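S.K.: just the structure for this:
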Amino acid sequence: MSIDVDFSLALNDRTGKLFLGKDIISTLGARVTRVHYGRFHEFPHNDLMRRVVGRLTHKETMARVHRSRLVSLLPAIRDPRPTLHLDPLSVVRHRLEARDIVLCHDVGPITHPQYFAPGVEDLYLQAYEQIRRMKPHMVFVSKTSQREFHRLYGNDFASSNVIYIPTRLGVKEGEGCPLDGVSRRFLLTVGSIGDRKNQARCIEAFSASGLVEKGWQYVIVGGREPGADVAIELARQSPGVVMPGYTKDEELRWLYRNASGFVLMSLLEGFGMPVIEAIEHDLPCLVSRASILTEVGGDAMLCADPLSRESIAYGMHSLAEMSVDERVRRISEARAHLQVFAREPILASWRALVEKVG
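M.R.: Sure thing, here's the model as predicted:
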């Protein structure tokens, strides 16, 4: 069985989607005949070209969604082989067929458009409408995302499978480098900063928890997304909160190795890979109650209501004051749960799916 893969997201995306895409293409090996990066079949050789190709690909996507007359001169992509789309948005540039495979991380741009940049909802509405009409093989990274998708678009697709994101190689390897301004006990949050990740409410909760008076810090690392300005300004005004933005790999390793606990109170998540990374570093975790994060982390997670400052504050205090015995028990249970995300069985599921579809 041979397939093509649309990996256009690699032109602009530097999140876990990028690493997952690389893993999938690598494990499929010779089964992959061609990889699409927009209209190109090779990844650009330098950063300038990557940005140019990414820009052109985005412009074509926008033109197709808004039905510009210019795109009538450029036919939709259709290969003779089935195509694996590593992001739903790429189907807009293709002539989608039922034999194709679409990987869906979440339907957040449809269900929670307020957490995304203006215009993103329109792009994904068009992509999901094409998917609804053609009913290809669907793959989801969680049961939560699968349920939400089928609630919106029905169940009569060629197939529907959940294949989790595997643990990443080398997460714990390499030297660590201390981060300036972090010098005492601290809780850690890793993820894009903005409304979706709920850092502003977490900062308020930390300030209300009484931990700063006991010598604790709260460290938040990540890039910006919509709503970041509010969280950044609140961090500046809040004693004990450190928000350095992006960190180098060696600084992130040091933070994971030296934190006392991990906090992720997202209002919307595609998967929550930082929770897995925190568990791999033996950190007890506080996550959003009844969310995909409890599916990813398992029963060992401390949970709080992400909309309640008081609930988050209580959870942070519980995390900081956790006894040694409870800490050992929760870490042991969480690490056992990580077997669900073991690399080889997950990558074998991708190989089996491609063979089955063929």
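S.K.: just the helices in the stretch 101-250 of the chain please.
M.R.: Under the criterion DSSP state H, counting those that start in this stretch, the stretch 101-250 of the chain contains helices at 108-111, 120-134, 143-153, 199-209, 228-237, 249-258.
S.K.: helices or strands up against the first one?
M.R.: Helix 108-111 sits against helix 120-134, helix 143-153, with contacts defined as 3 or more CB pairs under 8 Å, 6 or more residues apart in numbering; DSSP states H and E. Just so you know, the C-beta spots here come from the backbone N, C-alpha and C atoms, and that holds for glycine as well.
S.K.: which strands or helices does the last one pack on?
M.R.: Spelled out, that is helix 143-153. helix 108-111, helix 120-134, strand 137-140, strand 159-162, helix 292-297.
S.K.: for the record, mean pLDDT for the first one?
M.R.: Mean pLDDT, taken over the full extent of helix 108-111, equals 94.
S.K.: longest helix of the protein?
M.R.: Longest helix of the chain, by residue count under DSSP state H: helix 47-65.
S.K.: now for that one, which elements pack on it?
M.R.: Going by 3+ CB pairs under 8 Å, 6+ apart, helix 47-65 lies up against helix 120-134.
S.K.: just the buried residues of stretch 211-222, please?
M.R.: L211, V212, W216, Q217, Y218, V219, I220, V221, G222 (16 or more other CB atoms under 10 Å).
S.K.: can you redo those as JSON lines with pLDDT and distance to R327?
M.R.: Listed next are the buried residues of stretch 211-222 as JSON lines, based on pLDDT from 0 to 100; distance: CB to CB, whole Å:
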{"residue": "L211", "pLDDT": "96", "distance to R327": "16"}
{"residue": "V212", "pLDDT": "95", "distance to R327": "21"}
{"residue": "W216", "pLDDT": "96", "distance to R327": "16"}
{"residue": "Q217", "pLDDT": "96", "distance to R327": "19"}
{"residue": "Y218", "pLDDT": "98", "distance to R327": "19"}
{"residue": "V219", "pLDDT": "97", "distance to R327": "19"}
{"residue": "I220", "pLDDT": "97", "distance to R327": "22"}
{"residue": "V221", "pLDDT": "95", "distance to R327": "23"}
{"residue": "G222", "pLDDT": "91", "distance to R327": "25"}
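S.K.: which one of these is nearest A231?
M.R.: Relative to A231, the closest of the buried residues of stretch 211-222 is I220; by CB to CB it sits at 7.6 Å.
S.K.: can I get the longest helix of the chain as PDB, trimmed to CA atoms?
M.R.: The C-alpha coordinates for helix 47-65 follow below in PDB (Å, rounded to 0.1, in the frame of the first residue of the first chain):
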ATOM      1  CA  ASP A  47      14.200  29.300   6.800                       C
ATOM      2  CA  LEU A  48      13.500  32.100   4.400                       C
ATOM      3  CA  MET A  49      12.100  29.700   1.800                       C
ATOM      4  CA  ARG A  50      10.100  27.900   4.500                       C
ATOM      5  CA  ARG A  51       8.500  31.200   5.400                       C
ATOM      6  CA  VAL A  52       7.800  32.000   1.700                       C
ATOM      7  CA  VAL A  53       6.300  28.600   1.000                       C
ATOM      8  CA  GLY A  54       4.300  28.800   4.200                       C
ATOM      9  CA  ARG A  55       2.900  32.200   3.200                       C
ATOM     10  CA  LEU A  56       2.000  31.100  -0.300                       C
ATOM     11  CA  THR A  57       0.300  28.000   1.100                       C
ATOM     12  CA  HIS A  58      -1.700  30.100   3.500                       C
ATOM     13  CA  LYS A  59      -2.800  32.500   0.800                       C
ATOM     14  CA  GLU A  60      -4.000  29.600  -1.400                       C
ATOM     15  CA  THR A  61      -6.000  28.200   1.600                       C
ATOM     16  CA  MET A  62      -7.600  31.600   2.200                       C
ATOM     17  CA  ALA A  63      -8.400  32.000  -1.400                       C
ATOM     18  CA  ARG A  64     -10.100  28.600  -1.600                       C
ATOM     19  CA  VAL A  65     -12.100  29.200   1.500                       C
END
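S.K.: picking up where we left off before, now the buried residues of stretch 211-222 in JSON lines, with distance to P284?
M.R.: Shown next, in JSON lines, are the buried residues of stretch 211-222 (distance: CB to CB, whole Å):
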{"residue": "L211", "distance to P284": "15"}
{"residue": "V212", "distance to P284": "20"}
{"residue": "W216", "distance to P284": "15"}
{"residue": "Q217", "distance to P284": "17"}
{"residue": "Y218", "distance to P284": "15"}
{"residue": "V219", "distance to P284": "16"}
{"residue": "I220", "distance to P284": "18"}
{"residue": "V221", "distance to P284": "19"}
{"residue": "G222", "distance to P284": "20"}
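S.K.: buried residues in stretch 181-188?
M.R.: V182, F186, L187, L188.
S.K.: could you do stretch 104-116 as well?
M.R.: For stretch 104-116, the neighbour count (16+ other CB under 10 Å) marks C104, H105, D106, V107, G108, P109, I110, P113, Y115, F116 as buried.
S.K.: distance between the ends of that stretch?
M.R.: 17 Å (CA to CA, to the nearest Å).
S.K.: show me what that stretch is in contact with.
M.R.: Residues outside stretch 104-116 that contact it (CB atoms under 8 Å, 6 or more residues apart in numbering) are 17, 87-88, 120-121, 123-125, 128, 138-142, 145, 148-149, 152, 194-196, 225-227, 267-271, 292.
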